[in-house]
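Novice: Fold the stuff below for me.
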Amino acid sequence: MPGVKVTIVRYISDEPQPGIAECQLEDAHGRRWSFVEKTANMSRERLDGRTIYPQQGLIGAEIVQRSLDTTGREVIRVDTGPWGLESDEGVTQFDILPDLLVDW
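Specialist: Numbers count the residues shown, from 1 in each chain. The predicted model follows:
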């Protein structure tokens with residue numbers, strides 16, 4: 001399953017278990033997107049209020065399209081919707097650079 005690297009920036013709550021945190025994704029255009037989600041959906045590590053942040057994390061995504069931008073960089077459009085993940089603005093599709101994509 002493809003995963004997208006994110007930065008977990010803060011822990012929000014212990015409820016519901018195993019907890020809620022905020023992570024951020026920086027897209028290929030330099031825009032930062034925030035997600036508030038269960039910690040288990042962004043890290044295999046046990047995260048809580050005592051964890052030191054930021055932490056590296058991953059979110060699930062499906063590859064929608066691969067293309068080149070006007071400068072010749074590869075840009076990958078991913079969709080987090082099939083994993084039930086959306087940004088705090090309700091967006092599920094993001095253009096990312098290949099270095100953010102990993103096998104999860």
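
Novice: use CA for all of it now, contacts and neighbours both
Specialist: Noted.

Novice: what packs against the worst-scoring helix or strand of the chain on mean pLDDT?
Specialist: When the helices and strands of the chain are scored by mean pLDDT, DSSP states H and E, strand 101-103 comes last with a mean of 93. Counting contacts by 3 or more Cα pairs under 8 Å, 6 or more residues apart in numbering; DSSP states H and E, strand 101-103 packs against strand 2-13.

Novice: Partner strands of the strand it packs on and their direction?
Specialist: strand 20-26 (antiparallel), strand 55-60 (antiparallel), strand 101-103 (antiparallel) (DSSP bridges).

Novice: Nearest to residue 88, out of those?
Specialist: strand 20-26 (9.7 Å; Cα to Cα).

Novice: what's next to that closest one, contact-wise?
Specialist: With Cα atoms under 8 Å, 6 or more residues apart in numbering as the test, strand 20-26 has contacts from 5-14, 32-39, 42, 57, 96.

Novice: quick one: contacts of stretch 66-73?
Specialist: 74, 75, 76, 77, 97.
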